[in-house]
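*Asks:* Build me a model:
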Amino acid sequence: MGSLHYGGSEDAIRIDDRALAHLKVAIATKLRRNESFTLSWRHTTDDVEGRSTIWLHPSIPLRFTFDEPEAPQLNLKWIEQLMMSANSSGGISLVDEMLETAEAPDAAESPDPAGE
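*Replies:* Numbering: from 1, shown residues only. Here you go, the predicted model:
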């Protein structure tokens, strides 16, 4: 479980390492462009039930801390989804990762059920 440290607050925002790695890419992209936006998430099971939103601005200190020493392989679809939400009026909403599933073969590639 990683942590996001924002501004001068002593309280860390606890986020799963894998999710935080993807979120870091989306946040860094927006801040590098000098864009401000909100970040919203549901509280972890360790916190009081609920959700939170913060305003992210390039001038406010931000630090990402990961428990895992190795960076995970990134899912580009998940980053794209986070970036799409970042560009919306609602800001980034930390959503669960969407895993790609194997697609069913085309009908032309399927064996003929009649055996022909």
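
*Asks:* Show me where this structure has its helices.
*Replies:* Residue ranges of the helices in the chain, as given by DSSP state H, are 17-32, 76-86.

*Asks:* Between these, which one is closest to residue 60.
*Replies:* For these, proximity to residue 60 was assessed by CB to CB; helix 17-32 is nearest, at 9.4 Å. All C-beta atoms are positioned from the backbone trio N, CA, C, and that covers glycine.

*Asks:* Skipping its backbone neighbours, what lies nearest residue 5 in space?
*Replies:* Leaving out its chain neighbours, the residue that sits closest to residue 5 by CB to CB, 6 or more residues apart in numbering is residue 63, at 4.3 Å.

*Asks:* ok, back up a step: export the helices of the chain to TSV and append columns for mean pLDDT.
*Replies:* As requested, the helices of the chain are exported to TSV (pLDDT from 0 to 100):
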stretch	mean pLDDT
helix 17-32	94
helix 76-86	90
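
*Asks:* Out of those helices, which is closest to residue 47?
*Replies:* Distance to residue 47, taken as CB to CB, is lowest for helix 17-32 among those, at 14.9 Å.

*Asks:* What residues of the closest one count as buried?
*Replies:* Within helix 17-32, the residues that count as buried by 16 or more other CB atoms under 10 Å are 17, 18, 19, 20, 21, 22, 23, 24, 26, 27, 30, 31.

*Asks:* Same list, the residues you listed, but as CSV with distance to residue 53 please.
*Replies:* Below are the buried residues of helix 17-32 laid out as CSV (distance: CB to CB, whole Å):
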residue, distance to residue 53
17, 22
18, 22
19, 16
20, 17
21, 21
22, 18
23, 14
24, 18
26, 15
27, 14
30, 15
31, 17
